[in-house]
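A.B. asks: curious how this folds, go ahead:
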Amino acid sequence: MEKSAPPFLSSIRKKAAGRSLALLLCAGILTAAATVRAEVDYTPVITGDAKKDVVKELKLNSYLFQFQKNKPLSHDGLARRAADDVTRLRDTMIGQGYYGADIRYKIEGAAEPYTVTLDIKTGPAFTLSSYDVMWLNRAGRKTAAPEGINTRRILRKIKGQAATPAVILEREREMLEALKRSGYPLPEVAERKVLVDHAAQSAAVTLSLKSGQKAVFGAADVTGYDAVREDFIRRRVGWQEGDVFNLDKVVDTRKKMLGTGLFSTVDIALEAKDGARRVPATIAVSERKPRTIGAGVSYSTSRSIEGKVFWEHRNLWGGAEKIRAEADAGLDRYGIGAAFTKPDFGGTIKRTLKANTGYRQEFLDAYDKTSYNAATSVSHAFSDALSVNAGGGLEFSQVKEKGQDERDFWLLSLPLGVNYDTTTDTLDPARGIRAAVNMTPYLTINQSQETFVIGDISASHYLPLNEEKIVFANRVKLGAIFGEGAAGVPADKRLYSGGGGSVRGYGYQLISPLDANDDPTGGRFQVEVGSEVRFRVTDTIGIVPFVEGGRVTEDFDVKGDERFLWAAGIGMRYYTAVGPLRADIAVPINGRDKDDAFQVYFSLGQAF
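C.D. replies: Numbers count the residues shown, from 1 in each chain. This next block holds a predicted model:
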């Protein structure tokens with residue numbers, strides 16, 4: 001007779017069996033999970049004949065390199081990542097002009113970390129054999145080139161250039177921008193064909209463009225202004241209703257409005273519609289607060305620390321009339337002043353009136369001075385780059401040279417100047433030219449009515465390379481005093497060089513003839529030169545080596561006793577939204593016994 005287990009024992013056995021099965025399942029799951037979570041370590045390598053800059057671009061686009069820390073979960077996953085890279089990097093090579101590049105991968109190693117090699121044979125770099133433009137009307141049929149579009153000029157020297165997407169798209173962009181400057185607000189690319197000839201190692205491009213309807217500017221509506229007068233805003237609108245549409249005028253209008261300092265934002269919305277012959281615009285402005293209080297500080301070895309504070313109101317009566325009060329002080333000088341600026345003088349945006357007055361005390365190696373002055377001038381802009389200015393001034397000064405009695409001077413001046421500036425940044429110019437010619441006749445009206453004229457010519461040039469990561473900057477300045485000998489000119493009006501903004505490496509005003517006590521006496525003829533290379537190491541850090549030199553003489557004798565003094569140095573720049581913070585150290589190359597071993601400078605903005 002077969003015996004059966006008691007009900008409770010049977011229940012225990014079933015529960016025990018259930019627990020065992022559950023434990024086995026859990027162990028299996030954990031084992032499987034451990035297997036799934038196993039990550040495959042690897043080291044990516046690029047071999048072949050690709051140049052360094054191409055290899056750098058390949059690594060930036062390679063998932064094997066960019067996601068190396070995110071390891072694949074299996075050997076098959078690693079192989080898939082490498083295979084995907086082959087496809088991805090072929091596109092990268094085409095982007096560099098290598099349409100026939102051969103890319104292969106292999107995974108080597110008996111254990112982790114595996115070596116994943118991407119072997120790249122670039123092949124020849126393809127060039128453009130032709131770049132043709134086909135013009136289409138709205139219906140898609142061929143038509144003549146739009147009026148005012150010089151296709152040959154835009155596509156000049158295109159044959160033989162690298163057949164990269166960047167070059168192809170850049171010419172396309174230039175074509176579209178030319179259309180937008182010539183009255184066509186809505187051009188479009190209908191088709192772009194790139195025919196690659198592997199045998200000829202070249203590519204032929206055919207670009208089909210629709211210019212769209214030619215249009216003129218419609219009415220311009222201005223919104224958002226309150227304290228600023230509408231007529232002031234409208235004088236800065238670069239077009240009249242009915243003018244042929246030109247997108248450059250829209251960009252220039254926004255730039256001019258922001259340049260007034262009155263607006264925090266300027267948005268210009270163009271209501272261009274397909275087929276419409278007029279393009280209305282809405283100019284929406286947002287006003288800034290008109291008052292500003294600020295302060296600044298600078299330091300140099302020869303002048304120690306200097307500071308200034310200012311207050312300004314930029315919109316007194318709704319037309320950007322500005323008044324600015326300023327005080328500055330250092331160990332060897334202090335002063336206060338006020339300036340008034342009236343743009344649109346005489347009802348034109350091209351003319352500006354300026355007036356200023358001030359009081360100053362100076363205690364320098366060359367002289368001690370107390371002065372009061374008042375001046376006014378008018379500047380007129382003939383273009384964005386070229387302007388002239390003329391004015392008049394009256395100054396009373398008490399000047400005491402070392403070892404001499406104090407002298408009083410009443411000076412009447414008539415400053416005249418011409419300025420040419422194609423740079424786009426006041427504190428950090430990276431391209432363009434600055435040039436200025438200034439001449440100021442002086443008449444002493446409290447003594448024997450002696451007259452003299454101070455003139456100077458200055459120029460600086462900025463050449464950018466490597467997308468402005470390197471900038472070559474050079475400058476030269478010539479100054480001269482005519483009409484009187486050095487002794488007949490007040491000491492504070494004579495010419496001196498040395499210091500920040502002049503020749504770094506020498507003390508302030510110390511490039512000059514010296515008296516028996518080695519104090520500067522100033523001269524009538526001045527020469528300054530300088531060159532520096534601005535390396536942008538990162539977005540915020542820059543390194544600037546520089547060489548500068550200068551000479552000041554009492555007369556125009558090129559072979560005089562005064563040497564041409566040279567200095568060299570290096571600086572660091574920290575780039576901010578306002579401008580670069582500058583720290584320079586410079587040493588004299590052929591200095592005199594009086595000159596310090598080095599000079600240090602801290603300030604805001606490039607040296608020139």
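A.B. asks: so what's the closest residue to Arg234 other than its chain neighbours up against?
C.D. replies: Distances taken as Cβ to Cβ, 6 or more residues apart in numbering place Val222 nearest to Arg234, at 6.8 Å, with adjacent residues excluded. The way it works is simple: take the backbone N, C-alpha and C, and place the C-beta from them, glycine included. When the contact criterion is Cβ atoms under 8 Å, 6 or more residues apart in numbering, the partners of Val222 are Glu230, Ile233, Arg234, Ile283, Val285.
A.B. asks: among those residues, which are in helices?
C.D. replies: Residues of these located in helices (DSSP state H): Glu230, Ile233, Arg234.
A.B. asks: which of those residues tops the neighbour count?
C.D. replies: Counting neighbours by other Cβ atoms under 10 Å, the top entry in the ones in helices among the contacts of Val222 is Ile233, with 22 neighbours.
A.B. asks: which non-adjacent residue is nearest that one?
C.D. replies: Leaving out its chain neighbours, the residue that sits closest to Ile233 by Cβ to Cβ, 6+ apart is Val222, at 5.4 Å.
A.B. asks: how near is that neighbour to Trp239?
C.D. replies: Distance of Val222 to Trp239, given as Cβ to Cβ, to the nearest Å: 13 Å.
A.B. asks: burial measure for the closest residue in space to Phe556 that isn't next to it in sequence, as a count.
C.D. replies: Take Phe556 and drop its neighbours on the chain: the residue closest to it by Cβ to Cβ, 6+ apart is Phe525, 5.1 Å away. Using other Cβ under 10 Å, Phe525 is surrounded by 20 other residues.
A.B. asks: repeat for Val194
C.D. replies: Applying other Cβ under 10 Å, we find 16 residues neighbouring Val194.
A.B. asks: please parse this protein into its domains.
C.D. replies: 42-121, 127-210, 216-287, 291-604 (automatic domain parsing).
A.B. asks: the residue nearest to Ile233 pairs with what?
C.D. replies: Ile283 (DSSP bridges).
A.B. asks: who touches the helix or strand hosting Val471?
C.D. replies: If you go by DSSP states H and E, Val471 is part of strand 470-482. By Cβ under 8 Å, 6+ apart, the residues outside strand 470-482 that reach it are 429-431, 452-465, 489, 493-495, 524-536, 556, 606, 608.
A.B. asks: narrow these to those in strands?
C.D. replies: Members of those lying in strands (criterion: DSSP state E): 452-465, 525-536.
A.B. asks: buried subset of those residues?
C.D. replies: 452, 454, 456, 458, 460-462, 464, 525-530, 532-534, 536 (16 or more other Cβ atoms under 10 Å).
A.B. asks: tell me which other helices or strands the helix or strand that Ala325 is a member of touches.
C.D. replies: Assessed by DSSP H and E, Ala325 sits inside strand 322-330. In terms of contacts (3 or more Cβ pairs under 8 Å, 6 or more residues apart in numbering; DSSP states H and E), strand 322-330 is packed against strand 304-313, strand 333-343.
A.B. asks: chain center to the longest one, what's the gap?
C.D. replies: It stands for strand 333-343. Put simply, strand 333-343 sits 28 Å off its chain's centre (Cα atoms, centre = their mean, to the nearest Å).
A.B. asks: I'd like the next helix or strand past that strand.
C.D. replies: Assigned by DSSP H and E, the successor of strand 333-343 is strand 351-363.
A.B. asks: may I have the strands that pair with the helix or strand following that next one, each with its orientation?
C.D. replies: As assigned by DSSP H and E, the chain's next helix or strand after strand 351-363 is strand 367-381. Paired neighbours of strand 367-381 in the sheet (DSSP bridges): strand 351-363 (antiparallel), strand 386-401 (antiparallel).
A.B. asks: biggest separation within the contacts of Val222, which pair?
C.D. replies: Farthest apart among the contacts of Val222 by Cβ to Cβ are Arg234 and Val285. That separation is 11.5 Å.
A.B. asks: pLDDT score for Ile445?
C.D. replies: Looking at Ile445, its pLDDT is 88.
A.B. asks: double-check it against Asp408; I have them as touching.
C.D. replies: No - with contact defined as Cβ atoms under 8 Å, Ile445 does not count as touching Asp408 (11.3 Å).
A.B. asks: what about Leu412, how many residues close to it?
C.D. replies: 15.
A.B. asks: would you say it is within a helix?
C.D. replies: No - checked against DSSP: H, G, I helix; E, B strand; the rest coil, Leu412 lies outside a helix; its state is strand.
A.B. asks: which pLDDT value belongs to it?
C.D. replies: We have a pLDDT of 96 for Leu412.
A.B. asks: return the residues in contact with it.
C.D. replies: Per Cβ under 8 Å, 6+ apart, neighbours of Leu412: Gly392, Gly393, Leu394, Tyr442, Leu443, Ile445.
A.B. asks: so what pLDDT did the fourth one get?
C.D. replies: Think Tyr442. Predicted confidence (pLDDT) for Tyr442: 96.
A.B. asks: direction included, what does the helix or strand containing it pair up with?
C.D. replies: Per DSSP H and E: Tyr442 is located in strand 432-444. Each strand paired with strand 432-444, and its direction, by DSSP bridges: strand 407-413 (antiparallel), strand 416-421 (antiparallel), strand 451-465 (antiparallel).
A.B. asks: which one, of those strands, ends up nearest to Pro44?
C.D. replies: Per Cβ to Cβ, nearest to Pro44 of these: strand 451-465, 32.0 Å.
A.B. asks: now do the closest one, average pLDDT.
C.D. replies: 97.
A.B. asks: tell me the SS of the closest residue to Val527 other than its chain neighbours?
C.D. replies: Closest residue to Val527 apart from its sequence neighbours, by Cβ to Cβ, 6+ apart: Arg551 at 5.0 Å. Recorded secondary structure, Arg551: strand (three-state DSSP).
A.B. asks: distance from the helix or strand containing Ala567 to the middle of the chain?
C.D. replies: Ala567 is part of strand 565-575, with elements assigned from DSSP H and E. The chain centre lies 19 Å from the centre of strand 565-575; the measure is Cα atoms, centre = their mean.
A.B. asks: quick one: mean pLDDT for it?
C.D. replies: 97.
A.B. asks: which secondary structure elements does that strand contact?
C.D. replies: If you count contacts as 3+ Cβ pairs under 8 Å, 6+ apart, strand 565-575 packs onto strand 525-536, strand 541-553, strand 580-588.
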